[in-house]
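Student: From the sequence below, what's the structure:
(2 chains)
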There are 2 protein chains.
Amino acid sequence: MSGNIYEHGLDRTPANYLPLTPLQFLDRCADQYPDRTAIVHGTLRQSWSQTRERCRRLASALVKRGIKKGDTVSILAPNTPAMVEAHHGVPLSGAVLNAINCRLDAEGVRFILHHGESKVLFVDREFSALAAKALEQLDSKPLVIDIADVEAIGGELIGAMEYETFLAEGDADFAGVWPTDEWDAIALNYTSGTTSDPKGVVPSHRGAYLMSLLQLTDWGMPRRPVYLWTLPLFHANGWCFAWSITAAAGTHVCLRKVTAANIFAAIDQHGVDHFCAAPIVLASLATATAAERRSFSHTVRVRTAGSPPPAAVLKSVLEMGFEVEHVYGITEASGTPVSSFVNPDWHDQPMDERARLMARQGNRSAVLEGLRVADPATCEPVPWDGKTQGELLLKGNVVMKGYLKNPDATASAFSGGWFHTGDVAVMHPDGYIQITDRSKDVIISGGENISSVEVEDVLHRHPAVLIAAVVAQPDAKWGESPCAFIELKPDVAAPPEADIIAFCRERLAHYKCPVRVVYGALPKTGTGKIQKFRLRELAGSREAITELSGS
Amino acid sequence: MSGNIYEHGLDRTPANYLPLTPLQFLDRCADQYPDRTAIVHGTLRQSWSQTRERCRRLASALVKRGIKKGDTVSILAPNTPAMVEAHHGVPLSGAVLNAINCRLDAEGVRFILHHGESKVLFVDREFSALAAKALEQLDSKPLVIDIADVEAIGGELIGAMEYETFLAEGDADFAGVWPTDEWDAIALNYTSGTTSDPKGVVPSHRGAYLMSLLQLTDWGMPRRPVYLWTLPLFHANGWCFAWSITAAAGTHVCLRKVTAANIFAAIDQHGVDHFCAAPIVLASLATATAAERRSFSHTVRVRTAGSPPPAAVLKSVLEMGFEVEHVYGITEASGTPVSSFVNPDWHDQPMDERARLMARQGNRSAVLEGLRVADPATCEPVPWDGKTQGELLLKGNVVMKGYLKNPDATASAFSGGWFHTGDVAVMHPDGYIQITDRSKDVIISGGENISSVEVEDVLHRHPAVLIAAVVAQPDAKWGESPCAFIELKPDVAAPPEADIIAFCRERLAHYKCPVRVVYGALPKTGTGKIQKFRLRELAGSREAITELSGS
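Tutor: Prediction:
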């Protein structure tokens, strides 16, 4: 024996090397905590042992229907027990789970079923009309299984059978079809398509496993959290909390409808201590009526993403006993690889300053191997000065395998050995990043980059403005200049265009201020994101603007 | 394209697939929290940025001295900053870290340096005499570097140079030699050798990474723990807390000498909130003098292993504000794959019952893929009845690569696709395991298995007994019968043998009771474990017993 002594007789064996997969978390809960509550839904309480049995039946029934490894199985449902079960039972059949956004239109759903080549579609009865319309236009139709959820109100049954009947076909002792390679696909999650056709993001078992552990470690979660499903499970598998909560032997508290009253009730009735939600949900808690509110004595921890939580909302919810943390979620990394850890030092700051610090998206998790704000062409990092813009690049084992059937988009996303998020950011001196814009939304005026988000932030401070979106419009002199689209608060009269521009000029460099203001409802995607590509089209055409103003 | 659509265009790339390694945790801390305290040692405070610089220098200096990937680098030191740095800097050179137990004798140290083929030995001056003696008898001598730790008292310098001088040879910007395969060895940890020559356990970067995350998730650790180094870092890299604490951006509080006074002082002065310790350390806290004690208002969480914490000790430390959890640690799994989660229901139980429940080693972590108590020949599990004994078997990614240069022991340890711990256990109906004995320590009398631990537990309740060890002695009629070796409390007279036997008969089935009692100091290993193999030798020979009694 010579050379490296560690290269001999120390090989992988079945005892020390197994594919990393979140599927094993369920078995551990069912073995170790069989009678503990896994799922709460209305008056339903389901133990871990029952949940495993149902997931095994689901996997077995799929296999009996001919589902093979690498087949796609779709589900169109809100955050119900069936949705939680699908996250464990569908991959246990060897299939890839495709949870479809319920807020899409029929064409959006059809596109996904077609592109993902779905073999089975589970559909909650609330969305059966949407599904039926999507299926109409589909050439190769999947097997459709209705979910007559106990808490659903109405909705036709359109499928071959109901979910419970389908489960009854399965074997309660089914061992499952486990991944033989941790690189195997576990899910298919479509992007929302703000800029193009939705792309099918494919995470591996390995990536989903590591994001599940990332959530627990990066959030410093205790054992046995009681987690409320406010974040849609169809958003990147609920940022992998579908599996994290199972790994922590916690309780999944389901929620069909996200309202302030329902959230307060769940905290009160079930002892919910963790949830994830968009700032708009926090705003609804802050403005809830006395009848909707419940006081609580424990700390309820919240991760929020999508846009920075405004100072007034933060102040209000912190006072109620919520602990809020801003995070950066992205489907291509299966969750939130970046989070804004609230440095205890910040507590000494005035609320506005605290809000400003907390509004930043944060820094990289220990489980993410690389993060930089960089020149997208060279991947060279920008200075940590809080000013220089660059693209947010990520690298690591939680990053997707790629986009399904889209090698060009995959190669482009991974160019230079980094995943290109398409988000423009600055790096602050303390290592926290702040997203300033989507790459495609940057306005370039006279050679200067203008962050549409920065302009929108100013507009959001105007008392008449509900939502604002700023895009580039063609400008003969400057190339591009900012055009503001504004949705007004209810029953508020539109201020003169000049007032809005003046409001901005008091707060921004003049070249960043809108040169035109358009009022009207803003076009949004199924997930509620503003479709800036439509606004850009509108900004080039007077007719289009008239149409928007009249909508 | 046909068949599995997920098999095309979704390959591993540098953006989405990197070797799992705990080394990246240090970079993240240095990048994100450069000024935060990484290490506390006496009056020393060292930031993450300083710590990374020193670890890079260490790695660079090793490479400059010719250290290559797969070379072994040893360290003989208590829990000092140099020991924490070695855990990050040595693997960053591509080398394998071998942290040697300081409690071994010179022959034990020599054996390890020889067997592990160490190229470099770092030695804390407190242990330079031990090292010098070990080196004397070594044919191929490593480069020796002295560590003149600031808190060390005395000790010759025996090496080629001092640690700080060595660091100065290194490059502060060294990029490091990173693992190209996560299966690469990261450490070499020798077992204590209660039954045979020590074996060299080799964990991989992957395994150490996952155990680091296991500790954080399985213990439900918060971010930024302040962790006190009571557990020796030479015990399986401090159960991987060397890296866990870095992953959590916590603070390593070093400790040269584990005493109740030092522990209380660290809690008081540094806000220590987590540590790991043997029950004997908890006992020292329980019996600390008023002058040694400090009260504290925060919860201090403790993981304890090695033997079950006695009820009286538990009661006492719980009342002081410690939260105690019993875990099962084993070098071959790089830490504690099994832990006894304290079910909140247990709090309603009387203290004796709580202690009985907490004394069990626990159940499997979410990060461990498999655990069973089984027939070692067939690997078939025993019933979950709390009575049937079997061997504790483990399976998973935290299990070692194998034993260095010992393919026979490796093959035997992994037979049947499970890692055989050599520990005998029962599985309780609630899925918690309880270790009843080491396989080699079971006494077989008239065909019945007698757990030596069970008999020892009874002997420990006798007021005169400090430590008891029970082994088999040859018996013409029964094959084997129990022989008790007893070390008495100071200044206590030896009770008549018949009294001890009668004491046992009141509490145990008669066939389990010792047929002979021998008084004297018990032979122990360097780690303080009782050498039962020596007692077994003694139990067969009158001369040997006489020798023990006289020691």
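Student: Enumerate every residue touching the residue nearest to the spatial centre of chain A.
Tutor: Residue closest to the average C-alpha location in chain A (CA atoms, centre = their mean): A:His235, at 3.9 Å. Neighbouring residues of A:His235 by CB atoms under 8 Å, 6 or more residues apart in numbering or on different chains: A:101, A:189, A:329, A:331, A:527. Using the backbone N, CA and C atoms, a C-beta is placed for each residue, glycine as well.
Student: Verify the contact between the second one and A:Gly329 for me.
Tutor: No: applying CB atoms under 8 Å, one finds A:Asn189 not in contact with A:Gly329, separated by 11.6 Å.
Student: what do the two both touch?
Tutor: Common neighbours of A:Asn189 and A:Gly329 (CB under 8 Å, 6+ apart) are A:235-236.
Student: These two: who's more crowded?
Tutor: A:Asn189 (25 against 21; other CB atoms under 10 Å in any protein chain shown).
Student: Next up, phi/psi of the more buried one, please.
Tutor: phi -120, psi 120 (degrees, to the nearest 10).
Student: Near chain B, which residues of the stretch 51-200 of chain A are found?
Tutor: Residues of the stretch 51-200 of chain A that fall close to chain B, judged by CB under 8 Å from any CB of the partner chain: A:68-70, A:72, A:96, A:117, A:183-185.
Student: Now for those: which two are most distant?
Tutor: For these, the farthest-apart pair by CB to CB is A:Glu117 and A:Trp183; their separation is 20.1 Å.
Student: Locate the residue of the stretch 451-551 of chain A found nearest chain B within the secondary structure: which element?
Tutor: Chain B sits closest to A:Val453 of the stretch 451-551 of chain A, with a gap of 23.3 Å, by CB to the nearest CB. Assessed by DSSP states H and E, A:Val453 sits inside helix A:452-460.
Student: Could you name the helices and strands sitting against that helix?
Tutor: strand A:433-438, strand A:465-475, strand A:479-488, helix A:497-505 (3 or more CB pairs under 8 Å, 6 or more residues apart in numbering or on different chains; DSSP states H and E).
Student: and A:Gln215, which of these is closest to it?
Tutor: Short answer: strand A:433-438, nearest of those by CB to CB, at 19.0 Å.
Student: could you give the angle of that closest one to strand A:465-475?
Tutor: Put simply, strand A:433-438 runs at 60 degrees to strand A:465-475, going by axes from the mean of the first three to the mean of the last three CA atoms, to 10 degrees.
Student: any idea of the angle strand A:433-438 forms with helix A:452-460?
Tutor: Using the same axes, to 10 degrees: strand A:433-438 against helix A:452-460 is 90 degrees.
Student: that older thread, what is the neighbour count of the residue of the stretch 451-551 of chain A closest to chain B?
Tutor: 19.
Student: same check, this time on the one 5 residues further on
Tutor: Residues within reach of A:Val458, counting by other CB under 10 Å, total 22.
Student: what do you get for A:Tyr511?
Tutor: The number of residues packed near A:Tyr511 is 14, by other CB under 10 Å.
Student: got it, and the one 5 residues further on?
Tutor: Per other CB under 10 Å, the neighbour tally for A:Arg516 reads 15.
Student: One more: A:Val253?
Tutor: Using other CB under 10 Å: A:Val253 sits among 24 other residues.
Student: Hmm, it is touching A:Val40, no?
Tutor: Yes: judged on CB under 8 Å, A:Val253 makes contact with A:Val40 at a distance of 4.6 Å.
Student: where do the contact lists of those two overlap?
Tutor: In contact with both A:Val253 and A:Val40: A:His270, using CB under 8 Å, 6+ apart.
Student: ok, A:Cys254 - contacts?
Tutor: Residues in contact with A:Cys254, defined by CB under 8 Å, 6+ apart, are A:39-41, A:79-81, A:83-84, A:151, A:229.
Student: Can you read off the pLDDT for it?
Tutor: pLDDT for A:Cys254: 98.
Student: and stretch A:123-132, how far apart are its ends?
Tutor: 10 Å (CA to CA, to the nearest Å).
Student: Could you pull out the buried residues of it?
Tutor: A:123-128, A:130-131 (16 or more other CB atoms under 10 Å in any protein chain shown).
Student: cool, stretch A:256-273 as well?
Tutor: Neighbour count says stretch A:256-273 has A:256, A:258, A:260-261, A:263-264, A:266-267, A:270, A:272-273 buried, by 16+ other CB under 10 Å.
Student: swap in stretch A:299-312?
Tutor: Buried residues in stretch A:299-312 (16+ other CB under 10 Å): A:300-311.
Student: just stretch A:148-161 next, same as before
Tutor: Within stretch A:148-161, the residues scored as buried using 16+ other CB under 10 Å are A:149, A:151-152, A:155, A:158-159.
Student: list the contacts for A:Leu404?
Tutor: So A:Leu404 contacts A:115-116, A:188, A:199-202, B:5-6, B:10 (CB under 8 Å, 6+ apart).
Student: quick one: which of those is nearest B:Ser49?
Tutor: Nearest member of the contacts of A:Leu404 to B:Ser49, counting by CB to CB, is A:Val201, at 35.7 Å.
Student: I'd like to know how far A:Val426 sits from A:Val338.
Tutor: 14 Å (CB to CB, to the nearest Å).
Student: hang on, the earlier thing: turn the contacts of A:Leu404 into a markdown table, including neighbour count and secondary structure.
Tutor: Formatted as a markdown table, the contacts of A:Leu404 follow (neighbours: other CB atoms under 10 Å in any protein chain shown; DSSP: H, G, I helix; E, B strand; the rest coil):
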| residue | neighbour count | secondary structure |
| --- | --- | --- |
| A:His115 | 20 | helix |
| A:Gly116 | 22 | coil |
| A:Leu188 | 27 | coil |
| A:Lys199 | 24 | coil |
| A:Gly200 | 26 | strand |
| A:Val201 | 24 | strand |
| A:Val202 | 27 | strand |
| B:Ile5 | 22 | helix |
| B:Tyr6 | 24 | helix |
| B:Leu10 | 22 | coil |
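Student: any chance of these in CSV, with distance to A:Leu371 and pLDDT too?
Tutor: Putting these into CSV (distance: CB to CB, whole Å; pLDDT from 0 to 100) gives the following:
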residue, distance to A:Leu371, pLDDT
A:His115, 30, 97
A:Gly116, 30, 97
A:Leu188, 25, 98
A:Lys199, 22, 94
A:Gly200, 24, 97
A:Val201, 19, 98
A:Val202, 22, 98
B:Ile5, 31, 95
B:Tyr6, 27, 97
B:Leu10, 23, 97
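Student: So for A:Leu143, what's the nearest residue that isn't a sequence neighbour?
Tutor: Leaving out its chain neighbours, the residue that sits closest to A:Leu143 by CB to CB, 6 or more residues apart in numbering or on different chains is A:Val120, at 4.7 Å.
Student: Check for me that that neighbour belongs to a strand.
Tutor: Yes: assigned with DSSP: H, G, I helix; E, B strand; the rest coil, A:Val120 falls within a strand.
Student: so it bridges to which residues?
Tutor: A:Val73, A:Leu143 (DSSP bridges).
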